[in-house]
Structures are given as structure tokens and as C-alpha cells.
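Student: what would the 3D arrangement of this be:
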Amino acid sequence: MHVANTSVRFKPFETIFTQGDSCSSVMYIQTGRVTLTTTSHQGRAAIVGTLTAGAFFGEGALAGQRRRRVTAKTTTASAIGIVKTGEMRRCLHEETAFADRFRSHLLATNIRIEADLVDQLFNRSEKRLARALLLLAHFDEHQSMRRTLPTISRDLLAEMIGTSRSKVDVLMNKFRKLGFLERHRERDGGLQVHCSMLSVVLQD
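Tutor: Modelled structure (predicted):
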């Protein structure tokens, strides 16, 4: 694939673009993690996506969006590829492999959005938190007993699942007691999610 892009490095929790900024490019994550949030006119904020390496974002520019509808921030040190809208359109037209990859990304994003909507509408907070932790640890991409959870605040988790910080504290303590979360200070200093957490998501 031959895509002309500018690669920019960002520190953890640095803003890539803000809701309301002009749209002139599509971006993809070369390394790192990005969180997308939106804020209503009343000032209420909500997380609409958590993305990792290989994911595109800001693709609304291809559909004629003039202003960004979300704010994009890194959650870890990240390298972001920035592709001008015209160059992106050229690649989608001329580069078959690139177009296939982008199409797969859009389909996967739609599936994830549908699952998130169902999760918010019908599942209790315990199940929503378990699913969020599994997704953050990428259990959908790796077959292993444990996966490291990226550094994320309890407040951000509460926003992600639509509940209070105190409720998240109670559930996180419960998950630790049940062995779903384990702390490995000597190895990586952070929390790890055990595959047994899947039992919370799968139960009726």
C-alpha cells in the first residue's frame, strides 16, 4: 500500500483533535491507543469508542463532514498517521488492498457500535463493566489466560458504562475478590484481566 501520510507522535492523554475542529484528514493508529468522546450541548460527555493500533478514525471527513463530531485523545504514547482527505480518496480508488482493509475496519466498527448499544440498553452495570474491561484488554484478539489492562481511571470507566464512580469501585473490588482481576506488581505494575471474566459477560 502506498499512502502518503504524516506520522505524528503524541504523549499519553494528549488531544489529537477536538470536537468542532475542521475536518481535512483521516487518521489511523500506528501504535498506541485512542479514546473518542463526544459532549452534548448540555455539557454531558460520553465515550463513543476506544481504539488500538491499526484502527482508523476521523473518517467522517470522507463523507463530507466539515467539523469533527468527537474529541480524540491518546490513552498511551501513540504514533498517529494523518492522511489528507484527497489522498485517502485516491488510495481507496486505486489501492485494492488498502480499500479492503478500510472496508473491514468500517464493518468491524459498525458491529462494535451495535454491540455497545445493546450493552447499554439491556445489560446491568456489572456485565457492562466486565465487557468493557475485556475489550480494553483485547480478549477478542488474543487467546490467553490473562491480558494486561491499560492504565485507565475509574471515572473514565464509569463514563464508558454509564454508571457512577462509586459503583465502579464496588464492582472492581468484587471482580478482584472473585479472581477476575489480578495485580502483578513485579511483572508490569498493573492490573491483568483473567479469562474467567468472560463468565460474567456470558451469563444470562
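
Student: and the strands in this structure?
Tutor: For the chain, applying DSSP state E gives strands covering 6-10, 15-17, 25-31, 33-39, 45-52, 56-57, 71-74, 78-84, 146-148, 181-184, 190-194.

Student: can you tell me what sits against the shortest one?
Tutor: Counting by C-beta atoms under 8 Å, 6 or more residues apart in numbering, strand 56-57 makes contact with 26-29, 34, 36, 49, 51, 72, 102, 105, all of which sit outside it. All C-beta spots, glycine's among them, are computed from the backbone N, C-alpha and C.

Student: how much space separates residue 192 from residue 33?
Tutor: Distance of residue 192 to residue 33, given as C-beta to C-beta, to the nearest Å: 17 Å.

Student: who has more neighbours, the two?
Tutor: Legend: neighbour count by other C-beta atoms under 10 Å for residue 192 and residue 33, higher for residue 33 (21 against 18).

Student: does the more buried one touch residue 76 like I think?
Tutor: Yes - judged on C-beta atoms under 8 Å, residue 33 makes contact with residue 76 at a distance of 4.9 Å.

Student: intersection of neighbour lists for those two?
Tutor: Shared contacts of residue 33 and residue 76, counting by C-beta under 8 Å, 6+ apart, come down to residue 150.

Student: can you tell me the closest non-neighbouring residue to residue 174?
Tutor: The spatially closest residue to residue 174, leaving aside those adjacent along the chain, is residue 126, at 7.8 Å (C-beta to C-beta, 6 or more residues apart in numbering).

Student: confidence score at the nearest residue in space to residue 148 that is not next to it in sequence?
Tutor: Using C-beta to C-beta, 6+ apart and skipping the chain neighbours, the partner closest in space to residue 148 is residue 192 (5.3 Å). In the prediction, the pLDDT value recorded for residue 192 is 85.

Student: so who does the residue nearest to residue 149 when sequence neighbours are not counted touch?
Tutor: Computed as C-beta to C-beta, 6+ apart, the closest residue to residue 149 that is not its neighbour in sequence is residue 191, at 4.5 Å. By C-beta under 8 Å, 6+ apart, the contact set of residue 191 is 148-149, 181-183.

Student: looking at pLDDT only, which of the residues you listed scores worst?
Tutor: Lowest confidence among these: residue 183, with 78.

Student: pretty sure that one contacts residue 193?
Tutor: No - when contacts are counted by C-beta under 8 Å, residue 183 is not listed as touching residue 193 (11.3 Å).

Student: in terms of neighbours, single out the busier of these two.
Tutor: A count of neighbours by other C-beta under 10 Å puts residue 193 above the other of residue 183 and residue 193, at 24 against 12.

Student: poorly predicted segments of the chain, please.
Tutor: Under the criterion pLDDT under 70, the flagged ranges of the chain are 1-2, 4, 45, 113, 115-123, 140-143, 184-189, 202-204.

Student: burial of residue 110, as a residue count?
Tutor: There are 10 residues near residue 110, going by other C-beta under 10 Å.

Student: domain assignment for this structure?
Tutor: In terms of domains, the chain is parsed into 6-120, 124-202 (source: automatic domain parsing).

Student: so what's the closest residue to residue 24 other than its chain neighbours up against?
Tutor: Once flanking residues are discounted, residue 24 sits nearest to residue 85: 6.1 Å by C-beta to C-beta, 6+ apart. Residues counted as contacts of residue 85 (C-beta under 8 Å, 6+ apart) are 23-26, 61-62.
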